[in-house]
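J.: Any chance you can model this:
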Amino acid sequence: MINVYLFDWGDTLMIDYPNEAGKMCDWPVVEAVAGAKETLAALSLHAKIYVATGAADSTEMEIKSAFERVGLSEFISGYFCKANVGLSKGSVDFMLAIIATLNQPVTDIAMIGDNYEKDIEPALAAGINPVWLSNNDHASAPKGVKIINELTELIEKT
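T.: Model (predicted):
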């Protein structure tokens, strides 16, 4: 059973507008991805939820501030980023550092993200259950990788 969900930030839980620069907490408009609030509300009833992001220029508090603006922070237990992990996302070492902090068996942890190279491959290498949020209906993934097209599918799969 999954006890901990790690979510990517940009384009997984919140929309990453390509024309915006700087820290998301300072953007004039921020928006949650469709189904994010419903999914986090349901999953948080039986599991801890964390954000594992590659945002290199935002601190934990700045990331939390962006999530507060869209009403998602109440479901999130913590935020892992370069500033507090000391490593860049996209490497197995980033995932292993998070695993060490969580003190949970890897079989009880899932990583949900939209970027195969930065979210799914490192999760697989670390032994975490990877869930690939992909808009590509023809996406194929190695054994052990679940593919979803919408976040709300996580509610049905848990």
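
J.: Dead centre of the protein: give me the residue that sits there.
T.: Central residue of the chain (Cα atoms, centre = their mean): residue 7, 1.4 Å from the mean position.

J.: That one against residue 49, yeah?
T.: Yes - using Cβ atoms under 8 Å, residue 7 is in contact with residue 49, at 6.7 Å. Every C-beta, even on glycine, is put in place using the N, C-alpha and C of the backbone.

J.: Report the set of residues contacting both of the two.
T.: By Cβ atoms under 8 Å, 6 or more residues apart in numbering, residue 7 and residue 49 have no common neighbours.

J.: Strands along this structure, start to end?
T.: 4-7, 48-52, 78-80, 109-113, 129-133, 146-148 (DSSP state E).

J.: For this protein, give me the ranges with low pLDDT.
T.: Under the criterion pLDDT under 70, the flagged ranges of the chain are 137-139, 157-158.

J.: quick one: the residue nearest to the centre of the chain and residue 153, what's the gap?
T.: Distance from residue 7 to residue 153, counting by Cβ to Cβ, to the nearest Å: 14 Å.

J.: What of residue 91?
T.: As judged by Cβ to Cβ, residue 91 and residue 153 stand 27 Å apart.

J.: mind listing the helices for the chain?
T.: Using DSSP state H, the helices of the chain run over residues 36-43, 60-69, 82-85, 92-102, 121-126, 153-157.

J.: Pipe these into a markdown table and attach distance to residue 20 and mean neighbour count per row.
T.: Shown next, in a markdown table, are these (distance: least, Cβ to Cβ, whole Å; neighbours: other Cβ atoms under 10 Å):
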| stretch | distance to residue 20 | mean neighbour count |
| --- | --- | --- |
| helix 36-43 | 18 | 20 |
| helix 60-69 | 11 | 18 |
| helix 82-85 | 19 | 16 |
| helix 92-102 | 24 | 18 |
| helix 121-126 | 26 | 20 |
| helix 153-157 | 27 | 15 |
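
J.: residues in contact with residue 150?
T.: The neighbours of residue 150, taking Cβ under 8 Å, 6+ apart as the test, are 34, 35, 133.

J.: So the second one sits against residue 156, correct?
T.: Yep, that's residue 35 we're talking about. No - taking contacts as Cβ under 8 Å, residue 35 lies outside contact range of residue 156: 11.4 Å.

J.: Cool, thanks, talk later.
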